[in-house]
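J.: Have a look at this prediction, sequence included:
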Amino acid sequence: MYRPTVPLRLVAVTVAVTILVTFVPFSAAARQVPNAQDIIRPLTFGATSVRVQGADRLGTSVAVSQYGWETSEWVVLATARNFPDALVGDPLAAALGAPLLLAEPDGLPAEVGAEIQRLGASHVVILGGTAALSDSVIDDIIALGLDADAIERIGGKDRYETAEQVAARLAEVTGGSGEFILATGLKYPDALAVSGFAGANGFPILLSRRDSLPVATVEAIEQMGAFKTLIVAARTPSRRTLHPSCRILRA
């Protein structure tokens, strides 16, 4: 949506003054120019906003879950200490119809455990390897009453492998489309900005380095088979490093 960089009130005043100077004799304009407050009225919009927040990032993830879900069979869990796993996991969570909750690397916070119970979840997907979320998190989930077989870990040795494995799991859920989004794995804004779009369309988010594609990302692209669209977010490798049949939309 276009958002003017100049305040609307300033635009209104400028237009009004231009019209007066152009079409009214100066002497008359000097006597008849109305007070700005008489010609400017506040703009009102029909949209409403709701703030969903917690005391910290953990609490906010719980608040979002409480706002959006009464119950959920699935929960997706990512570390609260770094961004990549949560961002690449967003499309998977959307495909599963699940909230994405955050946890500490060394254990499941009590408020997050309570939310899993409130939801009545029977399956939990843990994103990342043991460095991201340790096996203690699994133990804490089992202590809530879930079976160990109902807890699934999707994680590689780094963020790039985790993104590859999440993409493969997403394809199992959605059937796959060969379409994907590529964003830098070094900073979060690009992947964050496109994560909602990815989730709504079932597109996996793959990660790149600044000037090259990690082996895991290349393998993920090859595994998709049909190359339809590649959406490149901001600075990522050039077309020369990608499959020749990829159609690139650079955002």
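T.: Structure's in. What do you need?
J.: CA atoms only: put stretch 195-208 into CSV for me.
T.: Coordinates of the C-alpha atoms in stretch 195-208 are reproduced here as CSV (Å, rounded to 0.1, in the frame of the first residue of the first chain):
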residue,chain,number,x,y,z
SER,A,195,7.4,-14.8,5.9
GLY,A,196,3.7,-14.0,6.0
PHE,A,197,3.5,-14.2,2.2
ALA,A,198,5.4,-17.5,2.3
GLY,A,199,3.1,-18.9,4.9
ALA,A,200,0.0,-17.8,3.1
ASN,A,201,1.1,-19.5,-0.1
GLY,A,202,2.9,-22.5,1.3
PHE,A,203,6.3,-21.5,-0.1
PRO,A,204,9.4,-22.7,1.8
ILE,A,205,12.0,-20.1,2.8
LEU,A,206,15.5,-21.1,1.9
LEU,A,207,18.6,-19.3,3.1
SER,A,208,21.7,-18.1,1.3
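J.: and it, average pLDDT?
T.: Across stretch 195-208, the average pLDDT comes to 91.
J.: Centre of the chain to that stretch, how far?
T.: From the chain centre to the centre of stretch 195-208 is a distance of 8 Å (Cα atoms, centre = their mean, to the nearest Å).
J.: ok, residues contacting that stretch?
T.: Under the contact criterion Cβ atoms under 8 Å, 6 or more residues apart in numbering, stretch 195-208 has outside partners 84, 87-88, 90-91, 93-95, 159-160, 163-164, 166-167, 170-171, 174, 177, 179-185, 191, 194, 214, 217, 220-221, 231, 236-237. All C-beta spots, glycine's among them, are computed from the backbone N, C-alpha and C.
J.: Return the distance of residue 123 relative to residue 190.
T.: 30 Å (Cβ to Cβ, to the nearest Å).
J.: okay, these two: which has more neighbours?
T.: residue 190 (23 against 17; other Cβ atoms under 10 Å).
J.: Please pull up the helix or strand immediately following the host helix or strand of the more buried one.
T.: Following DSSP states H and E, one finds residue 190 within helix 189-201. Toward the C-terminus, helix 189-201 is succeeded by strand 205-208 as the next helix or strand (DSSP H and E).
J.: Check which residues of that following strand are buried.
T.: 205, 206, 207, 208 (16 or more other Cβ atoms under 10 Å).
J.: Nearest to residue 78 among those residues?
T.: Checking those against residue 78 with Cβ to Cβ, the nearest one is residue 205 at 12.9 Å.
J.: how about the strands in this structure?
T.: For the chain, applying DSSP state E gives strands covering 74-79, 100-103, 123-127, 151-154, 180-184, 205-208, 230-233, 248-250.
J.: now those in a markdown table, with distance to residue 109?
T.: Putting the strands of the chain into a markdown table (distance: least, Cβ to Cβ, whole Å) gives the following:
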| stretch | distance to residue 109 |
| --- | --- |
| strand 74-79 | 11 |
| strand 100-103 | 6 |
| strand 123-127 | 14 |
| strand 151-154 | 17 |
| strand 180-184 | 28 |
| strand 205-208 | 26 |
| strand 230-233 | 31 |
| strand 248-250 | 39 |
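J.: which one of the ones you listed lies closest to residue 139?
T.: It is, among the strands of the chain and with distance given as Cβ to Cβ, strand 151-154, at 9.9 Å.
J.: For that closest one, which strands pair with it and how are they oriented?
T.: strand 123-127 (parallel) (DSSP bridges).
J.: how far is the partner strand from where the chain is centred?
T.: Per Cα atoms, centre = their mean, the centroid offset for strand 123-127 relative to its chain is 18 Å.
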